[in-house]
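Colleague: Mind looking at a prediction? Sequence and model below.
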Amino acid sequence: MKRVHNFSAGPSMLPLAVLEKAQAELPNYKDSGMSVMELSHRSGLFTEIITDAENLLRELMNIPENYKVLFVQGGASQQFAAVPLNLKKNGKADYVNTGSWSKKAMKEAKKFIEVKEIASSEDENFTYIPKIDANMISSDADYVHITTNNTIEGTAFRAIPDTGDVPLVADMSSNILSEEIDVSKFGVIYAGAQKNIGPAGLTVVIVRDDLIGDASDVCPTMLEYQTHSESGSLYNTPPTYGVYMAKLVFEWVKELGGLKEIQARNEKKAELLYDYVEQSDFYASPVQKESRSIMNIPFIIPGRDLDSDFVKEAQAEGLETLKGHRSVGGMRASIYNAMPVEGVEDLINFMQKFEKQHK
């Protein structure tokens with residue numbers, strides 16, 4: 001069976017053990033004579049799946065009881081509108097601009113509320129995370145919004161800002177489940193599944209109870225957190241197979257030792273790659289050290305037009321999807337939870353060989 005090391009930013013690689021279990025259960029789930037894709041979302045079997053998925057996620061992330069876990073659709077991009085529509089009270093919100101997805105979130109929110117950009121790293125092409133302190137936050141803001149990990153730019157918040165009584169909202173699409181976090185520091189966490197949770201199509205929203213039930217009058221029913229909270233994420237047909245795959249991934253993470261072990265693995269992978277880039281005079285990292293992501297690692301070859309050659313030759317050796325985002329250039333290795341240490345080691349070995357050939 002052919003398998004490659006897939007460094008895609010998303011949809012990303014899934015754990016092989018998860019894919020094999022899904023394959024084995026695909027035509028006949030628990031002797032039902034049906035695939036999970038064919039099960040009614042109102043059936044007892046699917047109720048068990050979605051309940052187990054929520055309980056596993058709560059356990060892994062240590063989600064407090066006063067938070068709801070919602071399984072919805074529309075991706076993180078739909079949450080760009082859902083957040084202001086659900087949390088709107090004074091009609092104002094503070095945003096931290098750290099890259100492409102932050103800008104899109106702000107653009108969408110401006111359709112519904114007044115957006116204040118309280119900090120930005122655009123002055124240095126989003127190569128760092130700006131410092132946030134309490135004095136920057138508007139006392140009458142409905143919430144403060146951050147993107148905890150910037151998939152395109154390769155930066156991440158290494159410390160969560162203290163926003164006091166103003167709810168902190170986080171787009172955590174590309175680093176959810178990658179490390180231990182204190183959920184109680186957030187009012188809302190949302191994440192597209194296609195990085196560390198499962199296949200594209202599922203979105204996870206973790207929202208504090210007191211932020212549910214006061215949505216704007218113009219908020220569509222399908223965007224209201226209360227709609228999905230009251231129905232157990234079953235107001236309409238959810239992405240049932242995506243929920244099932246997420247459950248399998250959560251089981252895999254738990255079997256590995258939970259987020260503590262996952263974080264150690266991820267930090268090891270990132271350290272290997274960053275250390276090699278640092279000691280090389282051929283490659284370079286465009287991201288400031290204190291802001292570097294452990295999930296998405298961009299690197300460049302300064303002064304040489306070798307990007308396309310690198311990507312092509314890497315692909316020939318089973319190292320897929322290393323081309324950097326068009327807005328940044330260079331290369332990018334996304335090393336989400338499912339990427340084994342051996343995948344990063346193989347990438348470094350290739351980088352060494354490529355450097356010798358082209359130096």
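Modeller: Cool, got the structure. Residues are numbered from 1 along each chain as shown.
Colleague: tell me the domain boundaries of this protein?
Modeller: Following automatic domain parsing, one finds the domains of the chain at 16-255, 258-358.
Colleague: start to end distance for the longest one?
Modeller: Put plainly, it is domain 16-255. 14 Å (Cα to Cα, to the nearest Å).
Colleague: From Gly303, how far off is Asp281?
Modeller: 11 Å (Cβ to Cβ, to the nearest Å). C-beta: built from backbone N, CA, C; applies to glycine.
Colleague: cool, and Ile118?
Modeller: The spacing between Ile118 and Gly303, counted by Cβ to Cβ, is 37 Å.
Colleague: now swap in Val115 and tell me
Modeller: Taken as Cβ to Cβ, the span from Val115 to Gly303 is 39 Å.
Colleague: Show me which of these two is the more surrounded one.
Modeller: Neighbour count, other Cβ atoms under 10 Å: between Val115 and Gly303, Val115 has more, with 21 against 8.
Colleague: partner strands of the host helix or strand of the more buried one, parallel or antiparallel?
Modeller: Per DSSP states H and E: Val115 is located in strand 114-120. Sheet pairing for strand 114-120, assigned by DSSP bridges, gives strand 92-97 (parallel).
Colleague: The helix or strand following the partner strand packs against which elements?
Modeller: Proceeding N to C from strand 92-97, the next assigned helix or strand is helix 100-109, under DSSP H and E. Helix 100-109 sits against helix 75-87, strand 92-97, strand 114-120, strand 144-147, strand 149-150, strand 168-171, with contacts defined as 3 or more Cβ pairs under 8 Å, 6 or more residues apart in numbering; DSSP states H and E.
Colleague: still on that earlier bit, select, out of the domains of the chain, the one closest to Ser8.
Modeller: domain 258-358 (3.8 Å; Cβ to Cβ).
Colleague: Now the helices and strands packed on helix 100-109 in JSON lines, please, with extra columns for distance to Gly258 and mean pLDDT.
Modeller: JSON lines is the format used below for the helices and strands packed on helix 100-109 (distance: least, Cβ to Cβ, whole Å; pLDDT from 0 to 100):
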{"stretch": "helix 75-87", "distance to Gly258": "24", "mean pLDDT": "98"}
{"stretch": "strand 92-97", "distance to Gly258": "29", "mean pLDDT": "98"}
{"stretch": "strand 114-120", "distance to Gly258": "33", "mean pLDDT": "98"}
{"stretch": "strand 144-147", "distance to Gly258": "25", "mean pLDDT": "98"}
{"stretch": "strand 149-150", "distance to Gly258": "19", "mean pLDDT": "98"}
{"stretch": "strand 168-171", "distance to Gly258": "20", "mean pLDDT": "98"}
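Colleague: Let me have those in TSV, adding distance to Gly232 as columns.
Modeller: Compiled in TSV, the helices and strands packed on helix 100-109 are given as follows (distance: least, Cβ to Cβ, whole Å):
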stretch	distance to Gly232
helix 75-87	18
strand 92-97	28
strand 114-120	32
strand 144-147	27
strand 149-150	29
strand 168-171	23
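Colleague: Relative to Tyr235, which of those is closest?
Modeller: That would be helix 75-87 among those, by Cβ to Cβ, at 13.7 Å.
Colleague: and the angle from the closest one to helix 100-109?
Modeller: Here the directions of helix 75-87 and helix 100-109 differ by 40 degrees (axes from the mean of the first three to the mean of the last three Cα atoms, to 10 degrees).
Colleague: In this structure Glu153 contacts Ser285, no?
Modeller: No. Assessed by Cβ atoms under 8 Å, Glu153 is found out of contact with Ser285, at 11.5 Å.
Colleague: Who has more neighbours out of the two?
Modeller: Glu153 (29 against 19).
Colleague: possible to save the domains of the chain as JSON lines with distance to Ala9?
Modeller: Formatted as JSON lines, the domains of the chain follow (distance: least, Cβ to Cβ, whole Å):
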{"stretch": "domain 16-255", "distance to Ala9": "5"}
{"stretch": "domain 258-358", "distance to Ala9": "4"}
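Colleague: if we compare those domains, which one ends up closest to Phe7?
Modeller: Of the domains of the chain, the one closest to Phe7 (Cβ to Cβ) turns out to be domain 258-358, at 4.6 Å.
Colleague: Show me the strands in the stretch 201-350 of the chain, by range?
Modeller: 203-208, 296-299, 319-320, 331-334 (DSSP state E, counting those that start in this stretch).
Colleague: Mind putting the ones you listed into CSV with mean pLDDT, distance to Ser32 and mean neighbour count?
Modeller: Shown next, in CSV, are these (pLDDT from 0 to 100; distance: least, Cβ to Cβ, whole Å; neighbours: other Cβ atoms under 10 Å):
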stretch, mean pLDDT, distance to Ser32, mean neighbour count
strand 203-208, 98, 26, 24
strand 296-299, 98, 39, 25
strand 319-320, 98, 35, 18
strand 331-334, 98, 36, 24
